Each structure stands twice: as C-alpha cells, then as structure tokens.
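> Turn this into a structure:
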Amino acid sequence: MDFSLATIVLWAVPVVFAITLHEAAHGYVAKLFGDNTAQALGRVTLNPIKHIDPIGTILVPGLMLLTSKFLVGVPFVFGWAKPVPVNFGNLRHPKRDMIWVAAAGPAVNFAMAILWALFGRMTAPSGAWVSDGLHQMSQIGIGINLVLMVLNLLPIPPLDGGRIVTGLLPLPAARVFARIEPFGFPLILLLLFVGWLDKLMSPLLRVAAFALHALTGA
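Next up, the predicted model:
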C-alpha cells in the first residue's frame, strides 16, 4: 500500500461515511424512541467532525497502518469514533428500545455496503460509469462497512452486539452481563493483538458477504 494523496482519498471517503452514518444512526433512532441527548449535543448530524475522535479515528489508525506496514509488511487498521451519547433511561421502553438503538449502526453499515456494491457495478469495466478509481473506492467501501458492521455485532459490551444481547437477556442476566462493559474495550484490543479477533469475525464476514452478493450480485 502506498501513501499517496490518491490512496488517502480512496480510503478516507468510505471510512468517513461509514463512521459518520453509523454514529448518526444511533442518535437518530434514540431520538425516535424518546431520548434527545444526542440531538441536544449536535450528534444527530452528517457532519463527520462531530463524530471523529482525534485519537481513535486519526492517531491510532494512522500509527497502526504505518507500524504494521513496516514491521510485519501487512497493513492493518483498528480505531474508533466518538461514541454517540444515549441516555437509555429516557427511552420509552429502555430495555427493548436499547436493541433498536444499538442495531441501527450496523444496519446502516450494511445498507451502505449495498450502495457501495451497486456503485461498484456501475463503475466496473462493464458498467455505465467506468472508472478504475471509483471502482476501487467502492470495493474499499464494501470492505470497511462489512468489517465495521461485523465488529460492532460481536457480543461484547460496549459494542452494539453487547447492547443487543443485554436487551435480549432477562433482567437479572442482563445486569450480570452488563458488568463486563468496563473490560470490553481492553478485551477487544487483546483479541486483536493475539490474532483471535480475525478468527471471530471471519465466519460472520463470510455470511455478510454472501448476503451482500445475494442482494446485489456483487
């Protein structure tokens, strides 16, 4: 992978869209179910600046991309956006509505993967808008959104999958499961660095890719 301006743009556009719409979706659905916290803080917006975490969205991914490229020869990236604040106590049915709020982000990522796939068909050599650059961007957009969707669906609090599991469990079990949350992020980093995160995500990514192909033919 080179680090030219063209490469940065090819990656930056899909990544910014994926992160921005993912986070905005959480805030928008929370608003629909009665919590205006995100809206009051200006987070129900498509302005990426509102969702970018300087460390998690820029510094950490950039350093990982550089160090992984030069140390192991294979670039890989891990990062995070600024979480959208949701006061679950404000939701009309907190335990049930938590599921919909959490699922909104991954659902939007899958929807974006579908749009990128359709865009990729149009910009392919056999498409109506032939463009090598835009076709490459569409492939990156598919990958970024599927990875972000699958990662967030892992049943580890505070990931969206952890929130969904918490909402589905009976209340006593949900309370016990929610206690994992302070250890969730360190656990994800540990899984990443020992190589197990990829093993957990790969089967889900294959299912997501199959579903995307069935829907779009891409």
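> where do the helices sit along this protein?
5-32, 37-40, 60-71, 94-123, 132-153, 160-168, 171-178, 181-193, 196-216 (DSSP state H).
> Tell me which of these sits nearest to Ala81.
helix 5-32 (4.5 Å; C-beta to C-beta). Just so you know, the C-beta spots here come from the backbone N, C-alpha and C atoms, and that holds for glycine as well.
> now that closest one, how far from the centre of its chain.
8 Å (C-alpha atoms, centre = their mean, to the nearest Å).
> And stretch 107-122, by the same measure?
Between the centre of stretch 107-122 and the centre of its chain there are 14 Å (C-alpha atoms, centre = their mean).
> burial count for Ala178?
16 (other C-beta atoms under 10 Å).
> tell me, which of the helices of the chain is the model least confident about?
Ranked by mean pLDDT, these end with helix 60-71 at the bottom, a mean of 60.
> Arg96 versus the nearest residue to Pro94 once chain neighbours are set aside, what's the distance?
Among residues not flanking Pro94 along the chain, Phe88 sits closest, at 4.8 Å (C-beta to C-beta, 6 or more residues apart in numbering). From Phe88 over to Arg96 the distance is 11 Å, taken as C-beta to C-beta, to the nearest Å.
> Compare the two (neighbour count), which wins?
When Phe88 and Arg96 are compared for neighbours, Phe88 comes out ahead with 18 against 12, by other C-beta under 10 Å.
> List the contacts of the more buried one.
Counting by C-beta atoms under 8 Å, 6 or more residues apart in numbering, Phe88 makes contact with 35, 94, 97-98, 101.
> Top of those by number of neighbours, please.
Compared across the contacts of Phe88, Val101 has the highest neighbour count, 28 neighbours, by other C-beta under 10 Å.
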